[in-house]
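S.K.: need a 3D model of the sequence below.
(2 chains)
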Amino acid sequence: MSSNLMEVRNLTVDYVGENAIARAVNGIDFDIREGEAFGLAGESGCGKSTVAFALARLTRLPGLVTGGSVRFMGEEVLEFERERLRKYRWNEVSFVFQSAMNALNPVIPVSEQISDTIWTHNPKATREEIRARAVAMFELVGIPARRLDDYPHQFSGGMRQRICIAIALCLNPRLIIMDEPTTALDVVVQRDIIEQIVDLKAKLGFSVLFITHALGLLIEFCDRIGIMYAGELVEVAPSSAILDAPQHPYTRALGNSFPPLTGPRQRLEGIAGTPPAPRAMPVGCRFAPRCGQAMPVCSLIAPELKVYPELGSEAACHLLQ
Amino acid sequence: MSHLTETAPAAATPMPAKATAPPPAGAPSPEELMAELRIKPRPQIFRKVPPSWQTFLSNKAGVAGLLILAVFIVAALLAPVISPYDPYRRAGKPHVQPGVEHFLGTSRQGKDIFSQLLEGGRTSLTVGFVAGLSATLIGVAIGISAGYFSGKTDEILTFFVNVSLVLPALPLIIVFASFVEEASPTVIGLVLAFTGWGWSARTIRTQTLAIKNREFILAAELMGESKWRIVLREILPNMSSFVVGGFVLATIYAILAEAGLEFIGLGSPSSVTWGTMLYWAQRAQALQTGAWWEVWPPAFAIMITGAALVLVNFAVDEITSPQLRAARLGGRIRRFLKRRGRSVDVF
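M.R.: Coordinates of the predicted model:
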């Protein structure tokens, strides 16, 4: 088992209002291992993106990381001051967000935008070195070098997203945080880009934190997956176990809401009800009101995320205890 | 630079002992957090008020501004009732010190300052608010129409905006004053209203141009909403802080310009306003002769009105920006993070 690149412990993020506090992420724990693709999945509003922003130290008021720790290679990210933070972002951890393709400035050729990134973090690099690096990164994501001096509007959405991935990769980060990087793209382009990331990951050896609500995509691409519900991690398991041996009823319900491509036709089961409001979280297990297997204890005591070594999973459910 | 050209990351660097990471900082429960940041649940009395008013009413500065304005306006409205003397007539000896007989003393001409202040507030505030409101209404109407309807409409309206921007209000009033012999407060107010809307039209037009290309406007158009509904219900509320800000600035400008014109003697000296009070005080060399009570009351009245309007403006800005609202907690959040050894680079 490889060592942990990033350790997130008891991470708590609140949205601070004038008269109330909404807890968006309630003390979650997970590790991202060296060279691993870790996936985070869950319904809209469960706190996935809030986690991504917190790890990137991009949480802005009214959002506030109120507790826990984020350790990157043993260092506390939440304590980084300006210069250290600058180095942490992009040199060590880079980001691709859902709207990344809109992050390109429309009036500057893409070559300059990638060169700027390289130059900002390597002020001593010569023009030729930077150019060579930019060409190499473009070829890596499958965009011919002759397109380097084109403007963003001359590319398709998928190509722009790949350019952003190239910019995210250009400084050899140890970890890339991808928050819904392909959600705005059609499935064919999506698949194309994901395969490219898998390829690059094998070649370059970085780790990926992949956040999406498309569970199917995660299962194919990730080594381990964390399932979030209402601001909490309910299960962390190897991706093969998420569909085949789900431990938490929510994971099972999520898995049942995707149609299998092969096998007999079956009726899909949705999950009845809606996620709880952040200001009116149920006592005990947050999934209990929607859970078909809820027991009396579930609405009294919140289950903790526990390791079940025989299953290779971690899950937070009273049924397993 | 070697790391720029290689594609594989350097061999795994030795990592600091990570197995023995210190225990994670405990997160406070929402209740503890609210106590530490001194966030209080919404007071009961606010429950029935709409949320935007709740935000406004929980801003102490804004409420203070509103109260000051309310006091001034009520005093002005009740001026005929509460004035101890006729502000237009001699009420005592010249330059009587403030005292029991004359609350704020008398002017050189023996008029009661307190009564004049109340009567002057009536005129100055009316001129200020009416001119400010008209300038804002004209500015918003022209700005939004130019921005939203674009094309020829925009060209024509922008032409008028530019004309109004280069029209110098003060010389215009001087010219007017020479025509009508004495520029009464009404004339001054009208000229200020018709020359003061240029900047608000300009900002509102720009803001409209920015908003009109957003998806929700496109959606409203596709859903078949009428143009007026889009302008009034979709675009205008997005600019409420601009509109109120424009109104506040236009009102302050009108009050100051009116007072300034009258102070230099371009107004009608027989009317009683804060500006003419200052004009007569200057004529009587009140400061030089130690009659401070003739100068300071109207001067402070103008200053405090302006300050109160600005306070209201700050509070209105907060309604439209959650970031500004959270920033109220700035110091407390900084201390919260410092106590935990966290970087405070979160703003």
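S.K.: hmm, residue B:276 and residue B:124 touching each other?
M.R.: No: if you go by CB atoms under 8 Å, residue B:124 and residue B:276 don't touch, sitting 9.5 Å apart. To be clear about C-beta, it is placed using only N, CA and C from the backbone, and glycine gets the same treatment.
S.K.: quick one: which of the two has more around it?
M.R.: Neighbours were counted for residue B:124 and for residue B:276 using other CB atoms under 10 Å in any protein chain shown; residue B:124 has more, 30 against 25.
S.K.: show me what contacts the more buried one?
M.R.: Residue B:124 sits next to B:185, B:255, B:258-259, B:273-275, B:301-302, B:305 when contact means CB atoms under 8 Å, 6 or more residues apart in numbering or on different chains.
S.K.: do the same with residue B:216
M.R.: So residue B:216 contacts residue B:234 (CB under 8 Å, 6+ apart).
S.K.: cool, residue B:158 as well?
M.R.: B:146, B:205.
S.K.: need the longest helix for the chain.
M.R.: Using chain A. Longest helix in chain A by number of residues (criterion: DSSP state H): helix A:187-204.
S.K.: that's the wrong chain, I wanted chain B
M.R.: Longest helix in chain B, counting by DSSP H: helix B:113-149.
S.K.: now do the buried residues in that helix.
M.R.: For helix B:113-149, a neighbour-count test (16 or more other CB atoms under 10 Å in any protein chain shown) marks B:113-132, B:134-140, B:142-148 as buried.
S.K.: in helices, which of the contacts of residue B:124 appear?
M.R.: Among those, the subset assigned to helices under DSSP H consists of B:185, B:255, B:258-259, B:274-275, B:301-302, B:305.
S.K.: JSON lines for the residues you listed, including neighbour count?
M.R.: Listed next are those as JSON lines, based on neighbours: other CB atoms under 10 Å in any protein chain shown:
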{"residue": "B:185", "neighbour count": "26"}
{"residue": "B:255", "neighbour count": "26"}
{"residue": "B:258", "neighbour count": "28"}
{"residue": "B:259", "neighbour count": "27"}
{"residue": "B:274", "neighbour count": "29"}
{"residue": "B:275", "neighbour count": "30"}
{"residue": "B:301", "neighbour count": "22"}
{"residue": "B:302", "neighbour count": "24"}
{"residue": "B:305", "neighbour count": "25"}
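S.K.: how many residues are close by the closest residue to chain B within the stretch 201-321 of chain A?
M.R.: The minimum distance from the stretch 201-321 of chain A to chain B, using CB to the nearest CB, falls at residue A:205 (5.5 Å). For residue A:205, the neighbour count with other CB under 10 Å is 15.
S.K.: phi, psi for it please.
M.R.: Torsion angles at residue A:205 (phi, psi; degrees, to the nearest 10) stand at phi 80, psi 20.
S.K.: I'd say it and residue A:35 touch.
M.R.: Yes: taking contacts as CB under 8 Å, residue A:205 lies within contact range of residue A:35: 5.3 Å.
S.K.: quick one, helices of the stretch 201-347 of chain B?
M.R.: With helices called from DSSP state H, counting those that start in this stretch, the stretch 201-347 of chain B shows them at B:215-222, B:227-229, B:240-263, B:274-283, B:292-320, B:322-327, B:330-339.
S.K.: may I see the buried residues of the second one?
M.R.: Looking back up the chat, that one is helix B:227-229. Under 16+ other CB under 10 Å, helix B:227-229 has no buried positions.
S.K.: low pLDDT regions in the stretch 1-150 of chain A?
M.R.: Within the stretch 1-150 of chain A, the ranges that satisfy pLDDT under 70 run A:1-2.
S.K.: smallest distance to chain B belongs to which residue of it?
M.R.: residue A:67 (2.3 Å).
S.K.: hmm, back to that, now, which of the ones in helices among the contacts of residue B:124 sits nearest chain A?
M.R.: residue B:305 (28.1 Å).
S.K.: returning to that earlier point: three-state assignment of the residue of the stretch 1-150 of chain A closest to chain B?
M.R.: Classification of residue A:67 by DSSP: H, G, I helix; E, B strand; the rest coil places it in strand.
S.K.: list, one by one, the residues from the stretch 51-200 of chain A near chain B.
M.R.: Applying CB under 8 Å from any CB of the partner chain, we find that the stretch 51-200 of chain A lies next to chain B at A:57, A:59-62, A:64-69, A:71, A:73-75, A:78-82, A:85, A:118, A:122, A:124-126, A:129-130, A:132-133, A:136, A:140, A:172, A:174.
S.K.: what is the neighbour count of residue B:170?
M.R.: Residue B:170, neighbours per other CB under 10 Å, totals 15.
S.K.: that one against residue B:261, yeah?
M.R.: Yes: with contact defined as CB under 8 Å, residue B:170 reaches residue B:261; the gap is 6.9 Å.
S.K.: can you pull the pLDDT of the residue lying closest to residue B:286 once chain neighbours are set aside?
M.R.: The shortest distance from residue B:286 to any non-neighbouring residue, by CB to CB, 6 or more residues apart in numbering or on different chains, is to residue B:294 (3.9 Å). Here, the pLDDT recorded for residue B:294 equals 87.
S.K.: check the gap between the residue of chain B found nearest chain A and residue B:343 for me.
M.R.: Chain B approaches chain A most closely through residue B:27 (2.3 Å), counting by CB to the nearest CB. Per CB to CB, to the nearest Å, residue B:27 is found 17 Å from residue B:343.
S.K.: between the two, which one's more packed in?
M.R.: A count of neighbours by other CB under 10 Å puts residue B:27 above the other of residue B:27 and residue B:343, at 22 against 18.
S.K.: the more buried one reaches residue A:12, doesn't it?
M.R.: Yes: if you go by CB under 8 Å, residue B:27 and residue A:12 touch, sitting 3.6 Å apart.
S.K.: common neighbours of those two, please.
M.R.: Common contacts of residue B:27 and residue A:12, defined by CB under 8 Å, 6+ apart, comprise A:27, A:66-68.
S.K.: how about the residues you listed, which pair is most distant?
M.R.: A:27 and A:66 (10.1 Å; CB to CB).
S.K.: more neighbours: the two, which one.
M.R.: Set residue A:27 next to residue A:66 and count neighbours by other CB under 10 Å: residue A:66 wins out with 27 against 21.
S.K.: quick check: which of the contacts of residue B:124 has the minimum pLDDT.
M.R.: When the contacts of residue B:124 are compared by pLDDT, residue B:185 scores lowest at 83.
S.K.: tell me who's in contact with it.
M.R.: Taking CB under 8 Å, 6+ apart, one finds B:123-124, B:126-127, B:258, B:267-268, B:271, B:273 in contact with residue B:185.
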